[in-house]
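Asker: quick check, what structure comes out for this input:
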Amino acid sequence: MGQTGVFGFPGDMDASVFLAGHWQRRALFCPQALDAAAWTIEPEDLLSVAMEDAVSARLVTRNEQGFVLENGPFAEERLDDLPDSAWSVLVQAMEVWEPRYHGLIALFDFLPRWRIDDVMISLAARDGGVGPHVDQYDVFLIQVAGRRRWSFGGPVSRLVEGAPLRLLSRFEPEERIVAEPGDVLYLPPGVPHDGVALDDGCTTLSVGFRAPGLVDLADRLAEAAAARWQEEVEEEPRFTDPGRAPADDPWELPGADVVRARAILQDALDDPALVARLLGEQVTMPRLPPPPPEDTTDPDDLARRLAGGARLERWSGSRLAHHDLGSGDGMLFVDGEALPCSPELAAWLARRDSVTQDDLHECPDAREACSLLAELVNRGSFGIAR
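Answerer: Below you'll find the model as predicted:
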């Protein structure tokens with residue numbers, strides 16, 4: 001059996017071997033890779049989360065006509081009326097609703113935290129599943145209750161037109177395995193797969209990974225550039241064309257002008273600080289925004305509270321990362337925003353789940369930390385524990 005707090009690769013494989021030979025390349029089945037009992041959840045507890053207003057949840061059922069998709073949140077009456085078989089309830093971002101799943105995420109610390117998206121849980125009755133499909137991100141599929149038959153590999157066919165789910169029109173898998181509690185299946189992007197529950201109460205956890213696309217990064221580039229030059233309009237890079245020859249056709253967009261515009265974009269992408277900002281803001285966007293704070297503060301008030309024994313706790317849905325810009329400058333990325341601070345403080349804060357007065361004694365700069373923490377409290381990313 002797997003051990004609590006440990007992810008076990010098969011045989012003599014370790015994280016380095018996995019990353020070199022399998023990560024983003026080929027699937028890997030890891031029998032008894034972890035302690036399933038540590039990560040189980042009672043079906044009624046998961047279904048109660050699926051009824052929460054802010055939840056991202058889906059119900060997939062299958063009948064003679066095919067798959068039917070319903071989006072949550074769900075009324076209690078709907079979940080009480082589930083059929084005897086062939087249904088799945090899937091709930092995203094379970095680490096927000098059940099903070100203990102941050103411990104599951106920690107098992108994958110051989111990968112950067114910013115790459116991890118969320119923990120999704122699928123609860124299924126016998127024959128439940130979502131059909132053959134393909135994802136464009138890495139995923140570890142963790143079986144914690146019941147058994148699930150996975151079929152995967154083979155060519156990627158076109159999608160079924162008009163289907164409520166992104167189903168493959170043809171599925172010819174190369175491999176089949178039956179996952180039991182404690183087993184983990186890793187799938188890289190682009191591998192077709194289909195999982196079918198073999199037992200009632202089949203529970204599968206999915207640790208998915210973020211893979212920002214061009215559209216995501218381009219949107220963030222526009223926002224980061226606007227923030228960079230909003231106070232320095234005179235300094236903003238602009239289109240220029242000194243030494244221009246007279247136009248033969250005033251309605252033509254010449255290739256030379258396209259080259260000049262392209263150079264503006266390329267110069268922006270040659271700015272490491274700007275690229276770090278757009279990537280950091282994109283990958284720390286939370287699945288759910290922080291709730292409005294119950295209590296606001298300022299740096300002096302926060303320092304007094306901490307000195308009096310108060311404790312700060314990080315909101316379970318917040319995402320933090322840090323980056324060293326060099327020359328003594330750093331960035332702390334919090335829930336989609338970049339906050340300038342020293343690189344040492346950014347690294348110290350990014351890994352904090354809680355902060356007490358004793359923690360501040362180990363902080364690189366307690367005064368700067370209180371100022372930044374007060375801002376995070378007022379954003380809802382940290383809260384003052386009662």
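Asker: show me where pLDDT drops low in the stretch 251-386 of the chain?
Answerer: Within the stretch 251-386 of the chain, no range satisfies pLDDT under 70.
Asker: beta partners of residue 209?
Answerer: residue 116 (DSSP bridges).
Asker: pLDDT at it, what is it?
Answerer: The model reports residue 209 with a pLDDT of 97.
Asker: so who does it touch?
Answerer: Residue 209 sits next to 111, 115, 116, 117, 137, 138, 139 when contact means Cβ atoms under 8 Å, 6 or more residues apart in numbering. Any C-beta I mention is one placed from the backbone N, CA and C, and that applies to glycine too.
Asker: ok, the fourth one - contacts?
Answerer: It refers to residue 117. 137, 208, 209, 210, 287.
Asker: could I get the full set of helices for the stretch 1-150 of the chain?
Answerer: Here the stretch 1-150 of the chain has its helices, by DSSP state H, counting those that start in this stretch, at 15-21, 43-49, 76-80, 94-97, 102-106.
Asker: tell me which of those sits most buried.
Answerer: Among the helices of the stretch 1-150 of the chain, helix 94-97 has the highest mean neighbour count (mean count of other Cβ atoms under 10 Å), at a mean of 22.
Asker: and that helix, what's its mean pLDDT?
Answerer: On average, the pLDDT along helix 94-97 is 97.
Asker: ok so, going back, distance to residue 349 added to the helices of the stretch 1-150 of the chain, as a markdown table?
Answerer: Compiled in a markdown table, the helices of the stretch 1-150 of the chain are given as follows (distance: least, Cβ to Cβ, whole Å):
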| stretch | distance to residue 349 |
| --- | --- |
| helix 15-21 | 26 |
| helix 43-49 | 29 |
| helix 76-80 | 40 |
| helix 94-97 | 19 |
| helix 102-106 | 16 |
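Asker: for residue 377, find the nearest of those helices.
Answerer: helix 94-97 (18.4 Å; Cβ to Cβ).
Asker: so where's the stretch 1-150 of the chain shaky on pLDDT?
Answerer: In the predicted model of the stretch 1-150 of the chain, residues 1-5 satisfy pLDDT under 70.
Asker: work out which residue lies at the spatial centre of this protein.
Answerer: residue 117 (1.5 Å; Cα atoms, centre = their mean).
Asker: pretty sure residue 142 contacts residue 38?
Answerer: No. Residue 142 is beyond contact range of residue 38, at 10.8 Å (criterion: Cβ atoms under 8 Å).
Asker: of those two, who's got more company?
Answerer: Higher neighbour count among residue 142 and residue 38: residue 142, with 28 against 16, using other Cβ atoms under 10 Å.
Asker: the more buried one and residue 37, how far apart?
Answerer: According to Cβ to Cβ, to the nearest Å, residue 142 stands 12 Å off from residue 37.
Asker: do the same with residue 328
Answerer: From residue 328 across to residue 37, the span is 47 Å (Cβ to Cβ).
Asker: who has more neighbours out of the two?
Answerer: The residue with more neighbours, out of residue 328 and residue 37, is residue 37; 13 against 9, by other Cβ under 10 Å.
Asker: and that one, how far from residue 375?
Answerer: 40 Å.
Asker: and of the contacts of residue 209, the nearest to residue 266?
Answerer: When the contacts of residue 209 are compared for distance to residue 266 (Cβ to Cβ), residue 115 comes out closest, at 26.4 Å.
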